[in-house]
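Participant: have a look; sequence and predicted model below, questions after that.
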Amino acid sequence: MIFEGLPTTPRSEELVDKAFSRAARAGRAKHGHEAQESMLRTAGNVLSDNLENVVVSWPDFGFDVDPFYYELADAIVDVDRLRQALSQVMWASRQIEDLRDEYTTKVRNSDVDTARKHRKQAFARMADVMDQIEEDLRYIGDSRDQLKVLPDVKPDEPAIVVAGYPNVGKSSFVNRVTRASNQIAEYPFTTKGVQIGHFERDHIRYQIVDTPGLLDRPADERNDIERQAVSALEHLADVVVFVLDPSGDCGYPLDVQLELREEVRALFGEEVPFLTVANKHDRFDAVQAESVDATMSVTNDENVERVLDMAVEAAAFEPDLPTRDGEE
């Protein structure tokens with residue numbers, strides 16, 4: 001996953017202590033001008049290199065981050081604020097490099113006592129630069145801690161998003177079609193575990209996503225973070241399967257379920273195929289034909305594979321196949 005491997009972000013004070021401690025050790029191994037220059041270059045390199053590593057470890061939100069993950073990240077942290085913080089840290093890295101080079105020249109052109117004063121002055125200015133980015137480093141670290149637990153979704157693999165009210169059988173359906181080979185985890189945008197399962201058809205791996213806490217209630221009951229997380233799903237879905245329970249055993253009348261269905265359908269728009277599936281068909285006599293595309297009973301394992309086949313067919317995913325050189 002794109003944020004999972006991000007390293008821990010050091011705090012400003014921690015980096016300064018590390019840099020100056022290494023500088024002191026480097027200085028003890030030399031004498032005179034060499035000692036002052038060695039301390040100066042060591043501190044400058046430790047600070048500038050570590051700050052640059054903080055920045056380059058992050059993907060470029062403008063080019064490397066898929067719209068799904070961009071929206072999801074922005075639902076949890078302020079991506080604009082994060083990008084600004086990363087920019088400030090890179091600025092600090094360059095400033096410290098410039099200070100290192102500026103004062104290295106001064107040290108070389110001074111007597112030993114003056115060289116020591118120049119080195120101390122350089123350390124003070126480097127510490128001042130680090131103070132200026134203290135909040136930026138803290139924001140980057142906090143963002144990393146929140147984003148590293150985002151779901152491991154592959155935007156380049158076809159995805160089936162399952163929606164519907166609680167207790168209609170969505171999770172049972174996901175468990176059944178993935179043979180329980182799914183990932184369930186707590187994510188910052190919902191208090192319930194998001195399920196991500198996988199299955200294969202014709203050597204293509206499909207993702208199937210059940211999002212309790214997001215697509216299981218009307219939009220006016222979602223908070224801002226949840227609404228933006230739903231927006232992220234719009235970038236991911238190749239097909240939406242909306243599960244109904246016409247028996248009413250789920251605790252929600254059929255007309256209320258159908259209202260949510262139309263809201264979810266409008267959310268994803270006409271470009272995303274949309275299937276309505278009535279679950280628990282062993283518990284009700286009939287459903288109006290115009291209301292559903294298929295019926296099934298997950299409990300009795302009836303028509304489940306047929307529904308999955310319909311979803312795969314609706315997704316109409318065509319993988320990018322390698323071509324021979326020279327062929328179009």
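Facilitator: Right, received. Where do you want to start?

Participant: find the nearest non-adjacent residue to residue 317, please.
Facilitator: residue 158 (3.9 Å; CB to CB, 6 or more residues apart in numbering). The C-beta positions use only the backbone N, C-alpha and C, and glycine is treated the same way.

Participant: next, count neighbours for the one you found.
Facilitator: Residues near residue 158, counting by other CB atoms under 10 Å, number 22.

Participant: isn't it up against residue 315?
Facilitator: Yes - between residue 158 and residue 315 there is a contact under CB atoms under 8 Å: 5.0 Å.

Participant: pull up the overlap in contacts between those two.
Facilitator: 206, 238 (CB atoms under 8 Å, 6 or more residues apart in numbering).

Participant: hang on, the earlier thing: show me what contacts the residue nearest to residue 317?
Facilitator: Counting by CB under 8 Å, 6+ apart, residue 158 touches 204, 206, 207, 238, 315, 317.

Participant: what subset of those is buried?
Facilitator: 206, 207, 238, 315, 317 (16 or more other CB atoms under 10 Å).

Participant: what's in contact with the one helix or strand the first one maps to?
Facilitator: Yep, that's residue 206 we're talking about. Secondary structure assignment for residue 206, by DSSP states H and E: strand 204-210. With contact meaning CB under 8 Å, 6+ apart, strand 204-210 is reached by 151, 153-154, 157-162, 170-171, 173-174, 177-178, 182, 194-200, 233, 236, 312, 315, 317, 319.

Participant: for residue 7, grab the count of nearby residues.
Facilitator: When neighbours are counted by other CB under 10 Å, residue 7 comes out with 10.

Participant: helix or strand with the lowest mean pLDDT in this structure?
Facilitator: strand 182-187 (a mean of 49; mean pLDDT, DSSP states H and E).

Participant: what about the closest residue in space to residue 195 that isn't next to it in sequence, how many residues close to it?
Facilitator: Counting by CB to CB, 6+ apart, residue 210 is the residue found nearest to residue 195 once chain neighbours are left out, at 4.1 Å. Neighbour count for residue 210, taken as other CB under 10 Å: 28.

Participant: what sits opposite residue 210 in the beta ladder?
Facilitator: residue 162, residue 195 (DSSP bridges).

Participant: look up how far residue 170 lies from residue 154.
Facilitator: Distance of residue 154 to residue 170, given as CB to CB, to the nearest Å: 21 Å.

Participant: next: residue 107.
Facilitator: Distance of residue 107 to residue 170, computed by CB to CB: 68 Å.

Participant: residue 132 against residue 92, yeah?
Facilitator: Yes - the criterion here is CB under 8 Å, and residue 132 meets it with residue 92 at 6.9 Å.

Participant: low-confidence ranges in the stretch 201-328 of the chain?
Facilitator: Within the stretch 201-328 of the chain, the ranges that satisfy pLDDT under 70 run 212-217, 222-229, 232, 281-290, 320-328.

Participant: try it again at 50.
Facilitator: Scanning the stretch 201-328 of the chain with the threshold set as pLDDT under 50 gives 289, 326, 328.

Participant: show me the contacts for the residue with the largest distance to the centre of the chain.
Facilitator: The centre of the chain is farthest from one residue, residue 111, which by CA atoms, centre = their mean lies 53.9 Å away. Not one residue lies near residue 111 by CB under 8 Å, 6+ apart.

Participant: domains of the protein?
Facilitator: 12-148, 159-315 (the TED database).

Participant: distance to residue 3 for those - can I get that in CSV?
Facilitator: Formatted as CSV, the domains of the chain follow (distance: least, CB to CB, whole Å):
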stretch, distance to residue 3
domain 12-148, 4
domain 159-315, 12
